[in-house]
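**Student:** Sharing a sequence plus its predicted fold:
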Amino acid sequence: MREIKNVTVLGSGLMGNGLAQVFAQCEDIQVILRSRSMKDDPLGPVRKNLELLQSKDAMTKEEADGILSRIRFTDDLAASLADADFVIECVVENMEIKQNLFRDIEPLCKPDAIFATNTSVMSITEIASKTKDKSRVVGAHFWNPPYLIPLVEVVKAEETSEETMELTMELLRRAKKRPVRCQKDVPGFIANRLQHAIWREALSIVENGIADPATVDEALRYGPGLRWPILGILENADMIGLDLSLSIQSYIVKYLEDSHEPSKLLKELVEKGDLGFKTGKGYQTWTPEQIEASTRRLKEYLIEVTKDLK
Ligand SMILES: NC(=O)c1ccc[n+]([C@@H]2O[C@H](COP(=O)([O-])OP(=O)(O)OC[C@H]3O[C@@H](n4cnc5c(N)ncnc54)[C@H](O)[C@@H]3O)[C@@H](O)[C@H]2O)c1
């Protein structure tokens, strides 16, 4: 199988910066981060992430310097693509912009370059619709912050070739990520479907007065949430026994939320302007100190649990 040596990241927002950092972790990969305009200190966000990792002893200075030395920033689209083996777009979540981007870069790239999209929810098949060679288009859905969350969902669109899937999986393994194959191009891929099923139930529990938001989170964090990093959910079912699993599911499934509409409570909060951390009030009320502590706790936890994956 051919080896990917040059990666180009298109779009230097929140995800683009993180992705450039992830790919530059491979000592044999050169990364170009392409933005529509030049910036002052273009690698500032990456440097900040690397400083945090070093302060927590999750990375040495030599490793951080190596990562920075392998990323080049440019606003020149054609030059950023000429040698690329793998191009990943992280531009705004807009179907037409993503479709046109792949259509426009195709003549500027090598004929076997892979085109990956980091779309959160949109159809990869539809994004590929204006690309001539659709076998080279694949979904590569990272999670934020991409340099700390290992999961990447590699999504097979209708015409994605097996070679494109395998090369993408292999590249992500080299970058110390945990790629998983999503065999069908469905909304939400795998992990967002799981997350939204739980979200729907969590909101229904609150709306029906069964528990308040803080209690729902407590039940998840100190209960099943502790098992999931070790067992997942289906291995856990195998552990308890499928006969018991069937009895439980047969009894409970009729009582679970099955609405196909967004939650009434969620709509009401948004209409009131209660948007969560950004307004200081969402399902719960948040002081600036609590917001800072929550964000820091998450990063510190992720750094700790992913140290061994580096
Ligand atoms: N933020 C997340 O948590 C997250 C997680 C997974 C996937 N994603 C996906 O990653 C992609 C980027 O998200 P982000 O959070 O980095 O957004 P962002 O707003 O931080 O960055 C978007 C980038 O797109 C560029 N851009 C805007 N309009 C453009 C255009 N017309 N042509 C080319 N470039 C344009 C902007 O200059 C910016 O660099 C989206 O598809 C998003 O759905 C985001």
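**Tutor:** Alright, I've got the coordinates. Numbers count the residues shown, from 1 in each chain.
**Student:** Could you list which residues are in contact with whichever residue of the stretch 1-150 of the chain sits closest to the ligand?
**Tutor:** Ranking the residues of the stretch 1-150 of the chain by distance to the ligand (CB to the nearest ligand atom) places Gly13 first, at 1.9 Å. In short, each C-beta sits where N, CA and C put it, glycine included. With contacts defined as CB atoms under 8 Å, 6 or more residues apart in numbering, the neighbours of Gly13 are Cys90, Val91, Val92.
**Student:** Go back to those residues and keep what's next to the ligand.
**Tutor:** With CB under 6 Å from any ligand atom as the criterion, the subset of those in contact with the ligand comprises Cys90, Val91, Val92.
**Student:** Reformat these as TSV; add secondary structure, pLDDT and neighbour count.
**Tutor:** Putting the ones next to the ligand among the contacts of Gly13 into TSV (DSSP: H, G, I helix; E, B strand; the rest coil; pLDDT from 0 to 100; neighbours: other CB atoms under 10 Å) gives the following:
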residue	secondary structure	pLDDT	neighbour count
Cys90	coil	97	25
Val91	coil	98	19
Val92	coil	97	9
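**Student:** Which strand or helix spans whichever residue of the stretch 201-310 of the chain sits closest to the ligand?
**Tutor:** Residue nearest to the ligand within the stretch 201-310 of the chain (CB to the nearest ligand atom): Leu298, separated by 12.9 Å. In the assignment (DSSP states H and E), Leu298 maps to helix 288-306.
**Student:** Buried residues of that helix, list them for me.
**Tutor:** Buried residues in helix 288-306, counted by 16 or more other CB atoms under 10 Å: Leu302, Ile303, Thr306.
**Student:** near the ligand too, which of those residues?
**Tutor:** Okay, of the buried residues of helix 288-306, nothing touches the ligand (CB under 6 Å from any ligand atom).
**Student:** ok, those vs Glu163, which is closest?
**Tutor:** Closest approach between the buried residues of helix 288-306 and Glu163, by CB to CB: Thr306, at 29.3 Å.
**Student:** Since that was my last question, I'll sign off now.
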